[in-house]
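Peer 1: What would the 3D arrangement of this be:
(4 chains)
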2 protein chains.
Amino acid sequence: MGFSNLKFSQGKGNIPILSLKYSIFELIITPAYKMSQPISIKDIARKFKCAPSTISRALNDHPAINIETRKTIQEYATRIGYQKNTLSLSLLNKQSKTLGVILPTMAHFHESSMVEGMEKILQPAGYLLNICVTNESHALERAYMDRLVANRVDAICISLSQETYDKKRHDHIDHAISRALPLIFMDRFYHAQNLDQVITDDYQGAFLATEHLIQMGCRRIAHLHGPKGITVSQQRFQGYQDCLRKYELPLLPELIAYVSFSAESAVEATITLLDHHPDGIFGVNDEVCFGAMKVIREKNIRIPDDIALVGFDDIPLAQFAYPPLSSVSRQSRKIGEETAQLFLAKINGQQENKQISLEPQFIVRESSRKRIF
Amino acid sequence: MGFSNLKFSQGKGNIPILSLKYSIFELIITPAYKMSQPISIKDIARKFKCAPSTISRALNDHPAINIETRKTIQEYATRIGYQKNTLSLSLLNKQSKTLGVILPTMAHFHESSMVEGMEKILQPAGYLLNICVTNESHALERAYMDRLVANRVDAICISLSQETYDKKRHDHIDHAISRALPLIFMDRFYHAQNLDQVITDDYQGAFLATEHLIQMGCRRIAHLHGPKGITVSQQRFQGYQDCLRKYELPLLPELIAYVSFSAESAVEATITLLDHHPDGIFGVNDEVCFGAMKVIREKNIRIPDDIALVGFDDIPLAQFAYPPLSSVSRQSRKIGEETAQLFLAKINGQQENKQISLEPQFIVRESSRKRIF
DNA sequence: AAAACGAATGCAAACGTTTGCATAATTTTT
DNA sequence: AAAAATTATGCAAACGTTTGCATTCGTTTT
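Peer 2: Residues are numbered from 1 along each chain as shown, chains lettered A, B, ... in the order given. Got it, this is the predicted structure:
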């Protein structure tokens, strides 16, 4: 055995001249990259009449393999269009180089920006993203969770669905935590346990926004409140509420209207709000403010002189609203980047869990800049 | 051998009573779901002192396994938190139940809606999505393509990057096509070959938009032209051009301004356009029109009386622009759904390639509804 | 000339699961 | 009572790749 299997011509040492000719010959006869089954290391080994391990080492530039043999095999592999099967590697190494990302929705600037941020960091590190949209459904969240675990993703980054909050059913979450599987909460808080979380300080952002309206002279500040039960909504309401208290303004229930996150949903809410004559509106996000502004314009109420508006998220179109919309930027992209970096730190052995809270930034535009100042 | 390994008590036949006790015992001693290594079928086999194949069949409810043994094993597996390792299955069955999705960008309504559409169809079918954002870079597109192939995704759905068009380097595409790997072009055309493609008829949409402006009395219709080289830009320009020709209006080069897809980029472009006194503007997308409208408003030019505007995409905020923006809807979500369905048809043996072109829908709003009519 | 060494390669196990076939024990049929 | 059928289970290979160890030459050292 040993060399006996190799049909190399014996130049000096074991120069694989014959093999080179052989490979070219094969290439012409059967253009293997057109075959339906992908080429494996075993296939290449068969052509060269050697062991798969030799091919594996050659392709990985292992110094134990003769330098010329290595080159020949590498050249043949690229020419034939060989592509390593990562699945087998994942199985062997117990890491799939893939992250699971579970999001309640995708069709908003905030979520898709987070994903872009994650990709920016993780692509260079060789990671792929499995993105799952739960549509705020608890059942889907569960199903996706199981599937990702079954797929042995290296970690799961999750922004909890509204239903999971509503129903308070987090057994699937607890279950995942009890495994070794790294779990990072993005954008929406889980609960105050010592977990990995990356969020923006919605409370502070809401406080800033409300404070600004007060400083602009508003005394009857309405709030377009997001869906109940969602932490984002609650945090922003809390910031609004606490700011009013700090400035000794009353919290008037008639100035709170509930909306979903869409501009559409804000239309009716704003109409009822206007009956109570607010002089400022703080919206749970920018879309909602677009809806409110449309209603206000149609009633010929002036912005910001009669009613000042402030939104949240600072979507790219905010500055193109009429008038340009003041907003709180929560650096969506950066949430994604920080999440990705937290993950990388974790697999590099960082033990302690980390809570990262990004500072929101308030951006003043015409919708709240009263001319009297 | 045979039964000899099984330590079942001999009730009548082989009722695994002893095993049941054994499993509960084990559960109490070592809560396996807290172990760092996930539990495998082999682990369970060891507990029950039987072959892995028996466990596998039991978990899959194979009738050859004794019904009581089956139940016992299933119960134990769920209690212990066993999760099937899909990687090994993918390797064995040569299908990963995962799709690769390559997109030039993510932070726009159009792209993220497409993804949502795909998920809607593919989640029930048990598929996961690997989403890759190229940021319009050719190099990244290549890298992602290789990675997805290495991961043995069952198909790749791709919306080509601008650079791939610019550089005309599609060897990576051709390479993928030459494999058996199903490749579906989403949203952006490849070239006229007989491939699988799902797009909207941008040409027709642009034609409709332009025709509408003409019917509203516009004679000097400007165009905010998308980035050169991108098919979407070209198709929309072509529709605009051909419509002008049909109505015997001249194509005036001074009324064409180039923009990227952002509102920001439209500001300067619109300023220069206004020097040439257009009475209508057709924008390559809605964002661009938001930019244009801001400029126009600031110059105290009336919309639509002095200048009528029409956009493209019908983003959710279009109807909340001031004034509400007329637009061409290209049913982003449906592109995703159709792509997903095309894929499902393909793996179910549909041979012929298919080109699906979705009808755009024109939506009239105030931005183009001249009051003289 | 024998022994030690170095270079190049092969062997086999491992990752987790499935599945056709073989095997053993029990029951039914002749 | 022997043969056949039925039931329940085990064996081993397969998917594609890596890797520690063994093997086989050829070369250098004693």
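Peer 1: ranges for the strands of chain A?
Peer 2: Taking DSSP state E as the test, the strands found in chain A are A:98-103, A:128-133, A:155-158, A:183-186, A:196-200, A:221-225, A:256-258, A:280-283, A:308-313, A:326-329, A:355-358, A:361-363.
Peer 1: Please work out which of those is packed deepest.
Peer 2: strand A:280-283 (a mean of 31; mean count of other CB atoms under 10 Å in any protein chain shown). All C-beta spots, glycine's among them, are computed from the backbone N, C-alpha and C.
Peer 1: I'd like the distance from that one to the chain centre, please.
Peer 2: 28 Å (CA atoms, centre = their mean, to the nearest Å).
Peer 1: So it, near chain B or not?
Peer 2: No: applying CB under 8 Å from any CB of the partner chain, one finds strand A:280-283 separated from chain B by no less than 12.3 Å.
Peer 1: ok, the residue lying closest to A:D61 once chain neighbours are set aside to A:L59 distance?
Peer 2: Nearest non-adjacent residue to A:D61, counting by CB to CB, 6 or more residues apart in numbering or on different chains: A:R70, 6.4 Å away. As for A:R70, its distance to A:L59 is 8 Å (criterion: CB to CB, to the nearest Å).
Peer 1: Mean pLDDT for the strands of chain A - can I get that in TSV?
Peer 2: Shown next, in TSV, are the strands of chain A (pLDDT from 0 to 100):
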stretch	mean pLDDT
strand A:98-103	98
strand A:128-133	98
strand A:155-158	96
strand A:183-186	94
strand A:196-200	92
strand A:221-225	98
strand A:256-258	98
strand A:280-283	98
strand A:308-313	97
strand A:326-329	97
strand A:355-358	93
strand A:361-363	96
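Peer 1: will you turn these into a markdown table that also has distance to B:L208?
Peer 2: Listed next are those as a markdown table, based on distance: least, CB to CB, whole Å:
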| stretch | distance to B:L208 |
| --- | --- |
| strand A:98-103 | 34 |
| strand A:128-133 | 31 |
| strand A:155-158 | 42 |
| strand A:183-186 | 41 |
| strand A:196-200 | 41 |
| strand A:221-225 | 35 |
| strand A:256-258 | 38 |
| strand A:280-283 | 34 |
| strand A:308-313 | 33 |
| strand A:326-329 | 34 |
| strand A:355-358 | 44 |
| strand A:361-363 | 37 |
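Peer 1: right, and the ones you listed - which one's nearest DNA strand C?
Peer 2: strand A:98-103 (15.7 Å; CB to the nearest atom of the strand).
Peer 1: Show me what the closest one is packed up against.
Peer 2: Judged by 3 or more CB pairs under 8 Å, 6 or more residues apart in numbering or on different chains; DSSP states H and E, strand A:98-103 is in contact with helix A:109-122, strand A:128-133, helix A:138-150, strand A:155-158.
Peer 1: Pull the distance from the third one to the chain's centre.
Peer 2: Here helix A:138-150 is found 17 Å from its chain centre; the criterion is CA atoms, centre = their mean.
Peer 1: And the second one, by the same measure?
Peer 2: Relative to the chain's own centre, strand A:128-133 is displaced by 8 Å; criterion: CA atoms, centre = their mean.
Peer 1: ok, and what's touching it?
Peer 2: A:97-106, A:115, A:118-119, A:122, A:140, A:144, A:147-148, A:151, A:153, B:98, B:115-116, B:119, B:123, B:128-132, B:147-148, B:151 (CB atoms under 8 Å, 6 or more residues apart in numbering or on different chains).
Peer 1: Just want the angle from that strand to strand B:128-133.
Peer 2: Here strand A:128-133 runs at an angle of 110 degrees relative to strand B:128-133 (axes from the mean of the first three to the mean of the last three CA atoms, to 10 degrees).
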